[in-house]
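> Would you be able to build a 3D model of this:
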Amino acid sequence: MKRHNEKGTAMLFAIILVLVLSVMAASMMFLSQSETWGSMNYRMMTQTRYGAEAGVHAAANFLLNTYVPPAALAGYNMTVPTPAACGNTPCVTDNAGNAIVLSSLSGVPSNYPDAVQLGLFKAATNSSVQAGNTPVNYTVSAKLLSMQQITQFGTNQKAIVQTWQITGHGDIAGVRSAESEVSAILETPKVPTFGYAAFGDGAGCGTLNFSGNGTTDSYDSGALPLVGGVAAPPSTFNTFGGNLGTNGNQTNNGSNVTVNGSLSTPDIGLGVCTAGNVTALTGQLSQIKGGLIQLPAPVAFPTPTTYPPGSTNITTTQTLGPCVLSPCPYGDITLSGKDNVTLQPGTYNINSVSLSGQATITIAPDPITGLYGPVIINVAGIGQSTPINLVGQGFSNPTLDPSIVQITYAGTGLIKIAGNGASAACVYAPNASASFAGNASFYGSVIANTLTDVGNGAIHYDLKLKRKLYTVGTPTLNSFTWSKF
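Predicted coordinates:
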């Protein structure tokens, strides 16, 4: 068998192998370069997104801490009061129908009517952050979605409640540029002042302290049958809605404490509370029927306005008011035995109130219309360690609508609610200490610095309070979305 001449075959295979290896090497180099560019693109995208978020937070910080809302609402068209009803369109416009905008973002014009605030906004939101060796620039626009003016409960000061849509734009300039946008909603809500059966705004241990047979539950005064404006007491109470809140710890002593609701606090955990370890609850979790809710931040209550009291003291049975056209000033209301003072609708600026024995303060309707109206009692507490001392039969409020009786106190004294009577009122004393004792039932809500309940009575929260007597809530930044270019 003859073999053909195969000279040069090895060279051919070598050339083919070198070609294949060259193609593989080129492919690997291309793949490596693609991975490098992909990683760079992802890094730059992430950096610009963080830059845009920095812009959003810079704008939020400005709006919360530097920005001064308009003193008047002239020049604003607020035909739709809530952002929920507006979707992505602004609820507030200028009189020409244009959205009201603060902007340092190129291509987004500003039409905010206050040049000073606009200049401060631009200075605060046109900046950069450093990402390694790369500077990331950010600019921001903020569109006003809603605005409302309210008078905070317990004060004579008006507050502007606003909702803004903030859009932060981050970019990296250069041969390979990158851009990202982040959008968020900054909302300062209007909330009911009395959203809890009791709230202790102190931040320490035992801010709420329950023992004995202390109980909370709820009812709805709007659902009670009325006869001549007088409500029939509930035959049963809800086993929910008697919520408690505190900026610190609740301590329960004994096994008979029952909270038919939740406990809200910024602190977490169960167990012994100490100054260096403030827990949410010291006691049995089973006593809190609605469980624990962690607040995102402590709740701040503005100090109520103090009004000068009068010089006339009240010590005997009599009828006061009505005081609708102007406040009625009195000194100390001190009742004992079977004394009874009747308060007709209006505002009473007093120094203190003290009941003992079977003494009572009775809420009465307007003598002309026959209708019950708000009775606002502003307590100054000058020279009084216990400016509110309800040891007798308490406030007799036939409507069982606690919003009818509003008691405010700005000082740090003691509020004492004891005896065997039933009171229906809202007590707003964020700097004071409140003490419940005896067998008295309390219909309504109490806000104090600290609250102790050592009696057998109950705090019956009126669910209707969630829809009235408003104040400014805690601002929140939410609804984050982002996009890249």
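> Strands along the stretch 1-150 of the chain, start to end?
Assigned by DSSP state E, counting those that start in this stretch, the strands in the stretch 1-150 of the chain fall at 76-77, 93-94, 101-103, 127-131, 134-151.
> Show me what the longest one pairs with in its sheet, parallel or antiparallel.
For strand 134-151, the paired strands and their directions (DSSP bridges) read strand 101-103 (antiparallel), strand 127-131 (antiparallel), strand 158-172 (antiparallel).
> right, and those - which one's nearest Cys426?
Among the strands paired with strand 134-151, the nearest to Cys426 by Cβ to Cβ is strand 158-172 (19.3 Å). Yep, even glycine has a C-beta here, placed from its N, CA and C like the rest.
> returning to what we had before: for the strands paired with strand 134-151, give me CSV that also has distance to Gln406 and mean pLDDT.
Listed next are the strands paired with strand 134-151 as CSV, based on distance: least, Cβ to Cβ, whole Å; pLDDT from 0 to 100:
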stretch, distance to Gln406, mean pLDDT
strand 101-103, 37, 94
strand 127-131, 46, 87
strand 158-172, 18, 91
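> Could you export these to a markdown table, including columns for mean neighbour count and distance to Thr9?
Formatted as a markdown table, those follow (neighbours: other Cβ atoms under 10 Å; distance: least, Cβ to Cβ, whole Å):
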| stretch | mean neighbour count | distance to Thr9 |
| --- | --- | --- |
| strand 101-103 | 24 | 75 |
| strand 127-131 | 16 | 58 |
| strand 158-172 | 22 | 56 |
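> Any stretches of the stretch 1-150 of the chain with poor pLDDT?
By pLDDT under 70, the weakly predicted segments of the stretch 1-150 of the chain are 1-8, 30-42, 72-75, 78-90.
> And the helices in it, which stretches?
Secondary structure of the stretch 1-150 of the chain (DSSP state H, counting those that start in this stretch): helices located at 9-65, 115-125.
> Just name the most buried of those helices.
By mean neighbour count, with neighbours taken as mean count of other Cβ atoms under 10 Å, helix 115-125 ranks first of the helices of the stretch 1-150 of the chain at a mean of 17.
> Check the offset of that one from the chain's centre.
Distance of helix 115-125 from its chain centroid, counting by Cα atoms, centre = their mean, to the nearest Å, is 27 Å.
> same for it, what does it pack against?
Using 3 or more Cβ pairs under 8 Å, 6 or more residues apart in numbering; DSSP states H and E as the contact criterion, the elements in contact with helix 115-125 are helix 9-65, strand 101-103, strand 134-151.
> Any chance of those in a markdown table with distance to Leu355 as columns?
Conversion of those to a markdown table gives the following (distance: least, Cβ to Cβ, whole Å):
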| stretch | distance to Leu355 |
| --- | --- |
| helix 9-65 | 43 |
| strand 101-103 | 54 |
| strand 134-151 | 30 |
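> Out of these, the one nearest Phe121 is which?
Between these, strand 101-103 lies closest to Phe121; by Cβ to Cβ that is 4.5 Å.
> Nearest to Thr334, out of the strands of the stretch 1-150 of the chain?
Distances from Thr334 to each of the strands of the stretch 1-150 of the chain were compared using Cβ to Cβ; the minimum, 31.4 Å, belongs to strand 134-151.
> Would you mark the buried spots in that closest one?
Neighbour-count burial for strand 134-151, counted by 16 or more other Cβ atoms under 10 Å, picks out 134, 136-148.
> Surely Val129 and Tyr138 touch.
Yes. Using Cβ atoms under 8 Å, Val129 makes contact with Tyr138 at a distance of 7.0 Å.
> Can you check which residues contact both of those two?
Gly51, Ala54 (Cβ atoms under 8 Å, 6 or more residues apart in numbering).
> among the strands paired with strand 134-151, which is nearest Ala25?
strand 158-172 (32.5 Å).
> can you give me the angle the closest one makes with helix 9-65?
Between the direction of strand 158-172 and that of helix 9-65, the angle (axes from the mean of the first three to the mean of the last three Cα atoms, to 10 degrees) works out to 160 degrees.
> could you point out which element follows strand 158-172?
Moving toward the C-terminus from strand 158-172, the next helix or strand (DSSP states H and E) is strand 178-187.
> I'd like the distance from Asn378 to Pro308, if you could.
Asn378 sits at a distance of 10 Å from Pro308 (criterion: Cβ to Cβ, to the nearest Å).
> same deal with Lys466?
Lys466 sits 33 Å away from Pro308 when distances are taken as Cβ to Cβ.
> Mind checking which of these two has more residues around it?
Neighbours were counted for Lys466 and for Pro308 using other Cβ atoms under 10 Å; Lys466 has more, 15 against 12.
> Ends of stretch 66-76, what's the gap?
With Cα to Cα, to the nearest Å as the measure, the first residue of stretch 66-76 is 21 Å from its last.
> same deal with stretch 320-331?
End-to-end distance for stretch 320-331: 13 Å, by Cα to Cα.
> that older thread, mind checking the helices of the stretch 1-150 of the chain for the one nearest to Ser435?
helix 9-65 (36.0 Å).
> Who are the packing partners of that closest one?
The criterion is 3+ Cβ pairs under 8 Å, 6+ apart, and the helices and strands that helix 9-65 contacts are helix 115-125, strand 127-131, strand 134-151, strand 158-172, strand 178-187, strand 476-484.
> Direction-wise, compare it with helix 115-125 and give the angle.
Using the same axes, to 10 degrees: helix 9-65 against helix 115-125 is 150 degrees.
> just to revisit the earlier point, mind putting the helices of the stretch 1-150 of the chain in CSV, distance to Gly473 included?
Conversion of the helices of the stretch 1-150 of the chain to CSV gives the following (distance: least, Cβ to Cβ, whole Å):
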stretch, distance to Gly473
helix 9-65, 13
helix 115-125, 23
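> Any idea which of those gets closest to Gln162?
For Gln162, the closest of the helices of the stretch 1-150 of the chain is helix 9-65, at 7.8 Å, according to Cβ to Cβ.
> so how far is the closest one from its chain's centroid?
Centroid separation between helix 9-65 and its chain, computed with Cα atoms, centre = their mean, is 46 Å.
> quick one: contacts for Ile166?
For Ile166, the contact set (Cβ under 8 Å, 6+ apart) comprises Val56, Ala59, Ala60, Leu63, Val140, Ser141, Ala142, Ser183, Ala184, Ile185, Leu186.
> Settle this for me: the fifth one is touching Thr167, isn't it.
So the one you mean is Val140. Yes. Using Cβ under 8 Å, Val140 is in contact with Thr167, at 6.7 Å.
> how is this structure carved up into domains?
Taking automatic domain parsing as the reference, the chain has its domains at 26-191+473-484, 194-468.
> returning to that earlier point: list the residues that contact both of Val140 and Thr167?
By the contact definition Cβ under 8 Å, 6+ apart, Val140 and Thr167 are jointly contacted by Val56, Leu105.
> for stretch 337-344, how far is the first residue from the last?
The first and final residues of stretch 337-344 sit 22 Å from each other (Cα to Cα).
> again but with stretch 405-416, I slipped
End-to-end distance for stretch 405-416, by Cα to Cα: 17 Å.
> buried set for it?
Residues of stretch 405-416 classed as buried by neighbour count (16+ other Cβ under 10 Å): Val405, Gln406, Ile407, Thr408, Tyr409, Ala410, Gly411, Gly413, Leu414, Ile415, Lys416.
> Can I get the helix or strand containing Asn378 in PDB, CA atoms only?
Under DSSP H and E, the secondary-structure element containing Asn378 is strand 375-379. Below are the C-alpha coordinates for strand 375-379, written out as PDB (Å, rounded to 0.1, in the frame of the first residue of the first chain):
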ATOM      1  CA  VAL A 375     -67.000  73.700  76.900                       C
ATOM      2  CA  ILE A 376     -63.300  74.600  76.800                       C
ATOM      3  CA  ILE A 377     -61.500  74.800  80.100                       C
ATOM      4  CA  ASN A 378     -58.000  76.300  80.000                       C
ATOM      5  CA  VAL A 379     -56.200  75.800  83.300                       C
END
